[in-house]
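1. sequence? don't have it. structure:
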């Protein structure tokens, strides 16, 4: 019913920048919060940043001032601008969105993307 597709990951040197994108598609009525999470090898998945439909943002302390989350509601897309990347930012980055579909307009359900690898070399 709903698919989230991430793009923009890759290999970058320390100090570089990347911008991740996540586009939601399907039988979408509306999207509430969208966010980015990451999972490094051997570690649990952790929250990176979230953004509400109205643009209220939250960030993990580890990325404040370094990453910026934004969204385009018309395109059902969320972005993550990552600057001054460090080797410890290496992880698989996952997009998350809370969606109301046309088939179930009284249910808010969370969806995940497949993940995109970000590797920062030192």
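-> Everything's here; your move. Every value quoted in this text rests on a predicted model; they were computed, and no experiment measured them.
2. Give me the most central residue, this protein.
-> Centroid check for the chain by C-alpha atoms, centre = their mean gives residue 36 as the closest residue, at 2.8 Å.
3. can you pull up the bridge partners for it?
-> Counting by DSSP bridges, residue 36 forms beta bridges with residue 49, residue 95.
4. How about the contacts made by the closest residue to residue 89 other than its chain neighbours?
-> Among residues not flanking residue 89 along the chain, residue 120 sits closest, at 5.2 Å (C-beta to C-beta, 6 or more residues apart in numbering). Just so you know, the C-beta spots here come from the backbone N, C-alpha and C atoms, and that holds for glycine as well. The neighbourhood of residue 120, defined by C-beta atoms under 8 Å, 6 or more residues apart in numbering, consists of 11-14, 16, 85-90.
5. Among those residues, which pair sits farthest apart?
-> Among the contacts of residue 120, the pair separated by the greatest distance (C-beta to C-beta) is 11 and 88, at 15.3 Å.
6. So what are the sheet partners of the helix or strand where the residue nearest to residue 89 lies and their directions?
-> In this structure, residue 120 is located in strand 116-121 according to DSSP states H and E. Using DSSP bridges, the strands paired with strand 116-121 are strand 10-13 (parallel), strand 91-101 (antiparallel).
7. Helix or strand next in line after the last one, which one?
-> Just to be clear, that refers to strand 91-101. Towards the C-terminus, the helix or strand next in line after strand 91-101, according to DSSP H and E, is strand 104-112.
8. same check, this time on the first one
-> In the C-terminal direction, the helix or strand that comes right after strand 10-13 (DSSP H and E) is strand 18-26.
9. Flag every buried residue along that next one.
-> For strand 18-26, a neighbour-count test (16 or more other C-beta atoms under 10 Å) marks 18, 20-24 as buried.
10. Name the residues that touch the lowest-mean-pLDDT helix or strand in the chain?
-> One helix or strand of the chain scores below all others by mean pLDDT, DSSP states H and E: strand 104-112, with a mean of 92. Strand 104-112 has contacts (C-beta under 8 Å, 6+ apart) with 2-4, 24, 29, 32, 94-101.
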